[in-house]
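# A structural model of the following input is requested.
(6 chains)
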Protein chains: 4
Amino acid sequence: MAHTAAKTPVRPQPRAKGQETAARVRSAALRRFATSGYAAVSMREIAADVGVRPGALYNHFPTKQDILKDLMLTHMAELLAAWDKASVEEKMDPLERFVRFHIRYHLERADEVFISYMELRNLEPQNFELVEVERRRYEAILTKILERGSELGRYAVDDAKVATRAIIAMLTGIPAWYREGGHLSEKDIEDLYLKLVRKAVAPGQDTSQRETG
Amino acid sequence: MAHTAAKTPVRPQPRAKGQETAARVRSAALRRFATSGYAAVSMREIAADVGVRPGALYNHFPTKQDILKDLMLTHMAELLAAWDKASVEEKMDPLERFVRFHIRYHLERADEVFISYMELRNLEPQNFELVEVERRRYEAILTKILERGSELGRYAVDDAKVATRAIIAMLTGIPAWYREGGHLSEKDIEDLYLKLVRKAVAPGQDTSQRETG
Amino acid sequence: MAHTAAKTPVRPQPRAKGQETAARVRSAALRRFATSGYAAVSMREIAADVGVRPGALYNHFPTKQDILKDLMLTHMAELLAAWDKASVEEKMDPLERFVRFHIRYHLERADEVFISYMELRNLEPQNFELVEVERRRYEAILTKILERGSELGRYAVDDAKVATRAIIAMLTGIPAWYREGGHLSEKDIEDLYLKLVRKAVAPGQDTSQRETG
Amino acid sequence: MAHTAAKTPVRPQPRAKGQETAARVRSAALRRFATSGYAAVSMREIAADVGVRPGALYNHFPTKQDILKDLMLTHMAELLAAWDKASVEEKMDPLERFVRFHIRYHLERADEVFISYMELRNLEPQNFELVEVERRRYEAILTKILERGSELGRYAVDDAKVATRAIIAMLTGIPAWYREGGHLSEKDIEDLYLKLVRKAVAPGQDTSQRETG
DNA sequence: TATGAATGAGCCTTCATTCAT
DNA sequence: TATGAATGAAGGCTCATTCAT
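Numbers count the residues shown, from 1 in each chain, chains lettered A, B, ... in the order given. As a prediction, the model looks like this:
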């Protein structure tokens, strides 16, 4: 009602207690969204997990959508920051570094990763754009690695962008089935996938058409 | 007729008109689930798409969950049937046949494929099991191809199951970004991915560790 | 969610039972809005009055706002229709006819009248416009009576529009304090106000300024 | 000072800053109540207008209801005080004095006046009584003017109380439509209404029944 | 088979108010 | 005096589903 002025929300300056609650909201929402999907999770459930009444959530996030947006943007920011760190620290060839980093990070942060590509469609267009920018930034890392490696003759890829998507899809699929404590360690997974990737982009071996028939 | 005993009266005998409505329900639900996700789609929306009131949907499917289950089981059955046909008709080496088949089918039936792995978690456990059986059956096809090829020395894979998942994840990721009319034709995609897959499983080229440093 | 197609509501074709429920919703809402004001009345209260669950209200009115709009437009339509009938039937001079009609109608339909000018600001702008058009139409009736009477020398008003508003405000204020069974009958009220109005617009007696001091 | 007993500690001693905040709360609430209605205005909106957090309002007014009560009682007190002053200062016959005063005051304090008769029903019964007493006191002024004038033969009213209500309703309706800068000045309005009122209560002209037919 | 109408549960969000800081 | 954080109740509305017609 009241066809009057727009209310300017003006988020309050957070105190220690509030920051902790916000963190617990994030954590509860992450878990629930990953398990049941954004649309199937209610603010009531999140509040119950946090140990707070539903209304209190709105002291920390203006809407449910903002929780999702926060989780996804935070995830992308942390992913990129982690890569920045890894790409400096680890001494390997860039492709190996990327593959190992990606697998490790995606197994450690399975929930974040999962919602980050499962819940894209539940982002309002504006928020979707924000996340997409970061996602493209991440993919560009691998594309550049493949392009540079190709120039140096180390790799041979016909289309670096297609190869990027192929590799990332391949690696990102891991947490969907990998379970700790199975007969494959995380190290095994890294090694197996690294080998597949390396061979896929290796030069000097055009196998196409030859084996047909 | 009037004297036949023991009719199964639970669902009415499907007649022409009902059959068609049911088909339109499936089609509308498929589109909506793929676009917005199972949880975010209401029976009212589906009914509106079909041109019918919500209550009428219950003449064709007992619950919303049953629509999802129907879509996913039908999809898996058709996928496997299509493979049976393709594996007989097409004259290529099995890996190429599988890769080309998978890409083609997944681009043709993008919605079915999409919900089939996005909505798994929205299946009730019982229905989930039914679908999982089919999914494993499909994966087993590629695993067997890789195993037989390995025995024959054509391919070299350290773990055929891991390779299966890697390859399927890679291929299944295509519809997420591929758009008809872009600079790559469907044939281009098939060729590019086929090459990546072939090299990934090619024998005689252990690239590991060598390029490091 | 679901950033997709617009849902076209398509109101159902009403059946007898539904029409009765809708009528009871209107009646309950009328009573409550008049007593407590639109903003202070909840759909739950209306539903309880009607003897139905809140959700059922939405089978008959798309929103709470639509109930208000319906009540106000219906009221204006009925008011104008009643005037059309009265202006044909009753044999009096036009001003008397209007005054007696207005008082009688406004005492009979106290609730409708009351919300019709108390809840104007709770109408969304679009609905407000619809109601305003009718309101102006009603006022025009009195304005025209005063103008014609002035031309004939029966009345003397300096500004027929201002006089219209003055008279209508005066008459409309009656239900705010008049209570049946007090020492004044409805007929008394009619006569008293008619006399005040007649004198106010009577010609041949310019009292201005003379009595000052 | 430090030793004075029996402080009334309920509300803190109003200091400069607090005084000013309270004034701004009154002013914001007045504006909002007039625009949207008491029930449709939230404490959060008022707080935002004032530039303060909702909780801070409770340092100045114990409840939202108290703000309304404060506004209405203050208004009535100021109205009566203004009349006391006007009735001494202005040299005119009492009826003209009252009419001009009422119109002027009601146009100057449109918001106060508006909520004072629109929000009566949102007053809790106890507060309603307090305001009603003042309102009756104000009406009594006009009633007395009419009665005295009648005794002196200056006016002829059949029922001074009814005439009071009729006149006040008529005058009070002005701010609902009058807009500054239109083709009528405030002075024009005063003159037009004064004339209408004078004629309505003028003696020696019984127009009833004569014009009929 | 389809419909209008209803249910009962639940949804996201807002509210007036409280209170430790 | 003001604030950030919380409460408990309630708000309008939507949902999957049922069922007499």
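
# near DNA strand F, which residues of chain A are found?
A:12-15, A:17-19, A:21, A:52-56, A:59-60 (CB under 7 Å from any atom of the strand). (Glycine included, C-beta is placed from N, CA and C.)

# which among these count as buried?
With burial judged by 16 or more other CB atoms under 10 Å in any protein chain shown, the buried subset of these is A:21, A:52, A:60.

# excluding covalently adjacent residues, which one is nearest to the residue most central in space within chain A?
Nearest to the geometric centre of chain A sits residue A:113, at 3.7 Å (CA atoms, centre = their mean). Spatially, and ignoring its direct neighbours in sequence, residue A:113 is nearest to residue A:106 (4.8 Å; CB to CB, 6 or more residues apart in numbering or on different chains).

# number of nearby residues for that neighbour?
The tally of other residues near residue A:106 (other CB atoms under 10 Å in any protein chain shown) stands at 21.

# how about it, secondary structure?
Residue A:106 falls in the helix class when you classify it by DSSP: H, G, I helix; E, B strand; the rest coil.

# hang on, the earlier thing: dump the buried ones among the residues of chain A next to DNA strand F into a markdown table; add secondary structure as well.
Below are those laid out as a markdown table (three-state DSSP):
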| residue | secondary structure |
| --- | --- |
| A:21 | helix |
| A:52 | coil |
| A:60 | coil |
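
# briefly note if stretch A:167-181 comes near chain B.
Yes: contact of stretch A:167-181 with chain B (CB under 8 Å from any CB of the partner chain) involves A:167-170, A:172-174, A:176-177.

# and for stretch A:116-127?
Yes: against chain B, stretch A:116-127 shows contacts by CB under 8 Å from any CB at A:118, A:121-122.

# quick one: average pLDDT of that stretch?
Stretch A:116-127 carries an average pLDDT of 94.

# on that earlier part again, any chance of the residues of stretch A:116-127 next to chain B in TSV, plus secondary structure and neighbour count?
As requested, the residues of stretch A:116-127 next to chain B are arranged in TSV below (DSSP: H, G, I helix; E, B strand; the rest coil; neighbours: other CB atoms under 10 Å in any protein chain shown):
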residue	secondary structure	neighbour count
A:118	helix	17
A:121	helix	19
A:122	helix	25
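
# from those residues, which is closest to residue B:157?
residue A:118 (28.8 Å; CB to CB).

# contacts only, for residue A:80.
Residue A:80 sits next to A:134, A:137-138 when contact means CB atoms under 8 Å, 6 or more residues apart in numbering or on different chains.

# ranking those residues by neighbours, who comes first?
residue A:134 (17 neighbours).

# number of nearby residues for the nearest residue to that one once chain neighbours are set aside?
Spatial nearest neighbour of residue A:134, chain neighbours left out: residue A:76 (3.5 Å); criterion: CB to CB, 6+ apart. Look at residue A:76: counted by other CB under 10 Å, it has 20 neighbours.

# any idea which element residue A:76 lies in?
Using DSSP states H and E, residue A:76 maps to helix A:64-89.

# gap between stretch A:149-156 and the chain center?
Counting by CA atoms, centre = their mean, to the nearest Å, stretch A:149-156 is centred 27 Å from the centre of its parent chain.

# wait, what's in contact with residue A:114?
Residue A:114 neighbours (CB under 8 Å, 6+ apart): A:34, A:175.

# buried set for stretch A:141-151?
A:141-143, A:145-147, A:149-150.

# do it and chain B meet at all?
No: if you take CB under 8 Å from any CB as the test, stretch A:141-151 misses chain B, and the best it gets is 9.0 Å.

# residues touching that stretch, excluding its own?
So stretch A:141-151 is contacted by A:83, A:94-95, A:98, A:155-157, A:160-161, A:163-164, A:167-168, A:201 (CB under 8 Å, 6+ apart).

# now render those residues as TSV, adding neighbour count, distance to chain C and secondary structure.
Output for these, formatted as TSV (neighbours: other CB atoms under 10 Å in any protein chain shown; distance: CB to the nearest CB, whole Å; DSSP: H, G, I helix; E, B strand; the rest coil):
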residue	neighbour count	distance to chain C	secondary structure
A:83	18	31	helix
A:94	18	38	helix
A:95	22	37	helix
A:98	24	33	helix
A:155	23	39	coil
A:156	18	41	coil
A:157	24	35	coil
A:160	19	32	helix
A:161	16	27	helix
A:163	25	31	helix
A:164	21	27	helix
A:167	30	30	helix
A:168	21	25	helix
A:201	24	37	helix
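
# and which of these is nearest DNA strand E?
Comparing the contacts of stretch A:141-151 against DNA strand E with CB to the nearest atom of the strand places residue A:168 closest, at 30.8 Å.

# do you know how far the closest one is from residue A:198?
15 Å (CB to CB, to the nearest Å).

# would you mind listing what in chain A touches DNA strand E?
Within reach of DNA strand E by CB under 7 Å from any atom of the strand, chain A has these residues: A:41-45, A:54-55, A:57-58, A:62-65.

# need the max-distance pair from the residues you listed.
Farthest pair in the residues of chain A next to DNA strand E, by CB to CB: A:45 and A:62, 18.5 Å.

# quick one, which of the two is more surrounded?
residue A:45 (15 against 12).

# burial count for the closest residue to that one other than its chain neighbours?
What sits nearest to residue A:45 in space, not counting adjacent residues and going by CB to CB, 6+ apart, is residue A:32, at 6.0 Å. For residue A:32, the tally of surrounding residues (other CB under 10 Å) stands at 20.

# residue A:32 contacts residue A:46, doesn't it?
Yes: when contacts are counted by CB atoms under 8 Å, residue A:32 is listed as touching residue A:46 (6.2 Å).

# out of the residues of chain A next to DNA strand F, who's nearest chain B?
residue A:54 (19.0 Å; CB to the nearest CB).

# okay, that closest one: pLDDT?
Taking residue A:54 on its own, its pLDDT is 97.

# which pLDDT value belongs to the closest residue to it other than its chain neighbours?
Sequence neighbours aside, residue A:47 is the residue nearest to residue A:54 in space, at 4.4 Å (criterion: CB to CB, 6+ apart). Residue A:47 is assigned a pLDDT of 98 by the prediction.

# and the helices in chain A?
A:16-36, A:43-50, A:54-57, A:64-89, A:94-108, A:110-118, A:125-151, A:160-172, A:174-177, A:186-201 (DSSP state H).

# got the domain ranges for chain A?
Using automatic domain parsing, the domain parsing of chain A gives A:15-61, A:63-201.

# got these as JSON lines, with distance to residue C:87 columns?
Shown next, in JSON lines, are the domains of chain A (distance: least, CB to CB, whole Å):
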{"stretch": "domain A:15-61", "distance to residue C:87": "56"}
{"stretch": "domain A:63-201", "distance to residue C:87": "55"}
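
# what's the angle between the helix holding residue A:76 and helix A:110-118?
110 degrees (axes from the mean of the first three to the mean of the last three CA atoms, to 10 degrees).

# pLDDT on helix A:64-89, on average?
pLDDT averaged over helix A:64-89 gives 96.

# in that helix, what's buried?
A:64-65, A:67-73, A:75-76, A:79, A:83, A:86.

# show me where chain A dips below the pLDDT cut-off.
A:1-11, A:205-213 (pLDDT under 70).

# residue of it closest to DNA strand F, please.
For chain A, CB to the nearest atom of the strand, closest residue to DNA strand F: residue A:18, 1.6 Å.

# so who does the residue lying closest to residue A:35 once chain neighbours are set aside touch?
Leaving aside its sequence neighbours, residue A:35 sits nearest to residue B:121 (CB to CB, 6+ apart; 7.4 Å). Residues in contact with residue B:121 (CB under 8 Å, 6+ apart) are A:35-37.

# kindly indicate which of the residues you listed lies nearest residue A:28.
Of the contacts of residue B:121, the one sitting nearest to residue A:28 (CB to CB) turns out to be residue A:35, at 10.8 Å.

# if anything else comes up later, I'll come back, but that's it for now.
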